[in-house]
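Chemist: need a structure here:
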Amino acid sequence: MQAVPPWPAGPLKRRRRRSSVSRRKTTDPMTTATARVPTANAAKYLRQLCKHWSHRLEVDLNDGSGTVRFPDAVAKMTATGSEFVVSVEANSDETLDRIKGVVTSHLDRFAFSEAPLPFAWRDA
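Modeler: This is a model prediction of the structure:
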């Protein structure tokens, strides 16, 4: 298995370009779901996911935590020694389900040696 190169010091902040069309502002309540995934490689997977999504999305990565801003959702991820915690907040139940699937499939892809990882999503 090939080692992941060390991550550069400091937070990763990449901003994606905004389109000329403004985003629709909504006052609808956000729906949220959280999953706790046991894995010994949580920090590695956090870095990989943030780096992967930073090419097209707005991503903030700090020591042990990361935030990914999707068009209609936000995924906040935290890595501890033995656990990967992800919380997804979305504008609708349909978007929430879609982003949960995206996060699950991407994490399973990066954690192929441990896949499928046990995701137990809980609505907040």
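
Chemist: Next SSE downstream of the least confident helix or strand in the chain by mean pLDDT?
Modeler: Least confident helix or strand of the chain, by mean pLDDT, DSSP states H and E, is strand 12-14 with a mean of 57. With elements assigned by DSSP states H and E, the helix or strand that comes after strand 12-14 is strand 31-38.

Chemist: which intervals of the chain have sub-threshold pLDDT?
Modeler: 1-28 (pLDDT under 70).

Chemist: hey, where'd the strands end up in it?
Modeler: 12-14, 31-38, 58-62, 65-70, 73-79, 83-90, 122-123 (DSSP state E).

Chemist: Quick one: closest of those to Thr104.
Modeler: strand 31-38 (7.9 Å; Cβ to Cβ). C-beta coordinates here come from the backbone N, C-alpha and C atoms, glycine included.

Chemist: which residues are in contact with the closest one?
Modeler: 82-93, 96, 100, 103-104, 107, 117-124 (Cβ atoms under 8 Å, 6 or more residues apart in numbering).

Chemist: send the alpha carbons of it over as CSV?
Modeler: Extracted in CSV, the C-alpha atoms of strand 31-38 (Å, rounded to 0.1, in the frame of the first residue of the first chain):
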residue,chain,number,x,y,z
THR,A,31,-32.2,19.1,8.0
THR,A,32,-29.2,17.4,9.6
ALA,A,33,-27.8,13.9,10.0
THR,A,34,-24.7,12.7,11.8
ALA,A,35,-22.7,9.4,11.5
ARG,A,36,-19.9,8.0,13.6
VAL,A,37,-17.6,5.6,11.7
PRO,A,38,-15.1,3.6,13.6
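
Chemist: Please report how far Ile99 lies from Ser82.
Modeler: Distance, Ile99 to Ser82, using Cβ to Cβ, to the nearest Å: 24 Å.
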